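**Student:** This is the structure alone, sequence omitted:
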């Protein structure tokens, strides 16, 4: 549970949550960021969106360019550390801040990275465990059957599995139709999907087929990288399953077209 | 398929082009994690034992010279000969010399990845010796003239029908029924039994070397290791330095994780310790026994940032859990070791120049590290190798520059937001109707296989600036 904070004058205040939007939500899917703000405010947080934010540095980092990533990581840390909490609507970007910044940096910066890591959460974990979303306040329109894609970074770096399922149950009143092999990667892997497209596509096809086989109409998840990959592959395969970020489902924001769909 | 690591992509493409083999690889990739997980669940001690083994092996590697000395002394006092080989060539030479000293003609060989590494069989055959691989999987691929596709199950890529055709072509046994898998096994057993009896020298590998008593440990499911070790008059154990463990109980503790990780069994059918030659009171066993211990870059790895890789016990769990290995197949790696452990080891054992593509065959999904019984952080080591690739300027310049430029732009928010505020709405307008692009300049890697989802509208940062402005205005009015 979050605690109310006291400001220097002794007045209690709502905890401030800095939203790290992620570059993919910024560029491709602003509705994920707006849904996140809505959900965090509903959970009683005062949300700030640092306007200097861009990208956490994963593309360069995962390609092994530690040199180019280091100054970017420091910049992100300095920007985010004034907030009480940092919330990220992505398991892999949250994992980057929580696990890889401390691994990348040294000395005083490593300490600052570690400190920030203790206050940084992926969105569904934050809403499930830290600042619980009030139950049953939202009545989302009856959702069609939903299946959930666990992103690898979320699952294995941050132990995110039950949190989004619990939120979907408590907030939207739905049980996830589980697909086969939920713990297997969808083939996105950042630059991997463009460096090794055929292997990546095989992995994405398997994931799309497993999702469709559940009878779900919506494939959701907490990581836009995976979802863009899966939506793109589903469209190429001619599958009509809708792909949406879990924040959009939880906030009832279903009016926008699904990822990769026209309007 | 080309047997070099830089052909990984072409090899993978070729492998994916065979739907039947791709389907079978998919079935294996679903099955092997299932049996491993069931075994670990009923075992219940995976995490504490893996922590324990990590500490033991860390300690052993930190004191490698001490434990090697101890092993050598103990093995010598048991009546063994002990040889050290700096590289594969030296190992091959030592083994051939032993064989020639005994005027050996026929060799019965057990499964050993180290000898795959050094190409020992080829070397011995080149000198006119007749080498028979006696592990069933190894025997099959030897008959087919193929390299292993998996470090534990070298012939997993072969179907029963392919093995039948192979046996019919290679075994001169006349008309016979070979419909059932059991008939195939029976036939191989009959052929191999004769080879064990005829062999002049037996060659086996080792899963562990025990410093306190100078024994080697070997696990097999077919018992072929024991026949290689006990029937011929001369036994040669070929392995590498880092197999060493201080005590026998460390070796058995390791075995408890190794076997469950590899095949999901609590034990293999045979777990053997080999002490040395036949003693006076023994009625059987080899008359002369040798250990050949290979370094081949192990001490270099020990001194490097990749030393954790020396903790690998060759269980194959990382292969079984790697979706890229499942998609591409073991042969695509064009190397002796494949999958995540192979993608770390190959550049270290050969050179980064020859194999820098392999560390890129990874999505950092982390499934390998999760199941690794030695707790090796494989995705981190692979990323570090990509860093070495980057630093050595081996990665494509286009990627290198592109990623540097992206990171630089990301450090200049005003410029970044300015540029994205121009490009994203344009891309949105172009793709709005259909929602995605089937082709896009500069995104060929993506669009060759998938549609490219169009941006939803303008960027979030643009939209949010609008929200903030409206709020400010409202506040001013209030």
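**Tutor:** Perfect, I can see it now. Treat the numbers as computed from the prediction; the structure is a model and nothing was measured. Numbers count the residues shown, from 1 in each chain, chains lettered A, B, ... in the order given.
**Student:** I'd like the average pLDDT over the longest helix seen in chain B.
**Tutor:** Determined from DSSP state H, the single longest helix within chain B is helix B:19-43. For helix B:19-43, the mean pLDDT works out to 97.
**Student:** pLDDT at residue B:478, what is it?
**Tutor:** pLDDT, residue B:478: 77.
**Student:** quick one on the thing from earlier: would you mind listing the buried residues in the longest helix of chain B?
**Tutor:** Using 16 or more other C-beta atoms under 10 Å in any protein chain shown as the test for burial, helix B:19-43 gives B:21-22, B:24-26, B:28-29, B:32-33, B:36-37, B:39-40. C-beta: built from backbone N, CA, C; applies to glycine.
**Student:** same check, this time on stretch A:16-31
**Tutor:** If you call a residue buried by 16+ other C-beta under 10 Å, then stretch A:16-31 has these buried ones: A:17-31.
**Student:** next SSE after the strand or helix carrying residue B:229?
**Tutor:** If you go by DSSP states H and E, residue B:229 is part of helix B:224-230. Next helix or strand after helix B:224-230 toward the C-terminus (DSSP H and E): strand B:234-240.
**Student:** Sheet-wise, list the partners of the very next helix or strand once past that next one with their directions.
**Tutor:** Using DSSP H and E, the next helix or strand after strand B:234-240 towards the C-terminus is strand B:244-245. Note on strand B:244-245: by DSSP bridges, its sheet partners are strand B:208-210 (parallel).
**Student:** Could you check how many residues crowd around residue 106?
**Tutor:** Going with chain A. 11 (other C-beta atoms under 10 Å in any protein chain shown).
**Student:** actually it's chain B I care about, not the one you picked
**Tutor:** Neighbours of residue B:106 using other C-beta under 10 Å come to 17.
**Student:** Same question for residue A:55.
**Tutor:** 24.
**Student:** where does it fall, phi/psi-wise?
**Tutor:** phi -140, psi 150 (degrees, to the nearest 10).
**Student:** what's the answer for residue A:146, then?
**Tutor:** The phi/psi pair for residue A:146 (degrees, to the nearest 10) reads phi -120, psi 140.
**Student:** hmm, back to that, mind giving me the packing neighbours of the helix holding residue B:229?
**Tutor:** Counting contacts by 3 or more C-beta pairs under 8 Å, 6 or more residues apart in numbering or on different chains; DSSP states H and E, helix B:224-230 packs against strand B:106-109, helix B:181-198, strand B:201-204, strand B:215-220, strand B:270-274.
**Student:** Go through the ones you listed and name the closest to residue A:52.
**Tutor:** strand B:215-220 (57.2 Å; C-beta to C-beta).
**Student:** check contacts around residue A:58.
**Tutor:** A:92, A:93, A:96, A:190 (C-beta atoms under 8 Å, 6 or more residues apart in numbering or on different chains).
**Student:** Could I get the contacting residues of residue 119?
**Tutor:** Looking at chain A here, since you left the chain open. Neighbour list for residue A:119: A:83, A:84, A:85, A:86 [criterion: C-beta under 8 Å, 6+ apart].
**Student:** think we crossed wires, I meant chain B
**Tutor:** B:88, B:92.
**Student:** Distance check, it against chain A.
**Tutor:** Computed as C-beta to the nearest C-beta, to the nearest Å, the residue B:119 to chain A distance reads 28 Å.
**Student:** Repeat that for residue B:257.
**Tutor:** Residue B:257 sits 20 Å away from chain A, going by C-beta to the nearest C-beta.
**Student:** From the contacts of residue A:58, list the ones also adjacent to chain B.
**Tutor:** residue A:190 (C-beta under 8 Å from any C-beta of the partner chain).
**Student:** Out of the contacts of residue A:58, list just those in strands.
**Tutor:** Among the contacts of residue A:58, no member falls in strands (DSSP state E).
**Student:** Quickly name whichever of the contacts of residue A:58 is closest to residue A:71.
**Tutor:** Nearest member of these to residue A:71, counting by C-beta to C-beta, is residue A:96, at 14.9 Å.
**Student:** Contacts only, for the closest residue in space to the closest one that isn't next to it in sequence.
**Tutor:** Excluding the flanking residues, the one nearest residue A:96 by C-beta to C-beta, 6 or more residues apart in numbering or on different chains is residue A:56, at 4.6 Å. Shown in contact with residue A:56 (C-beta under 8 Å, 6+ apart): A:20, A:22, A:23, A:72, A:73, A:76, A:93, A:96, A:97.
**Student:** State the pLDDT value of residue A:56.
**Tutor:** The model reports residue A:56 with a pLDDT of 98.
**Student:** Residue B:435 now?
**Tutor:** 95.
**Student:** With residue A:135 instead?
**Tutor:** The model's pLDDT for residue A:135 equals 73.
**Student:** One more: residue A:143?
**Tutor:** The model reports residue A:143 with a pLDDT of 87.
**Student:** so what's the nearest residue to it once chain neighbours are set aside up against?
**Tutor:** Nearest residue to residue A:143, sequence neighbours excluded (C-beta to C-beta, 6+ apart): residue A:174, at 5.3 Å. The contact partners of residue A:174, by C-beta under 8 Å, 6+ apart, come to A:143, A:145, A:146, A:168.
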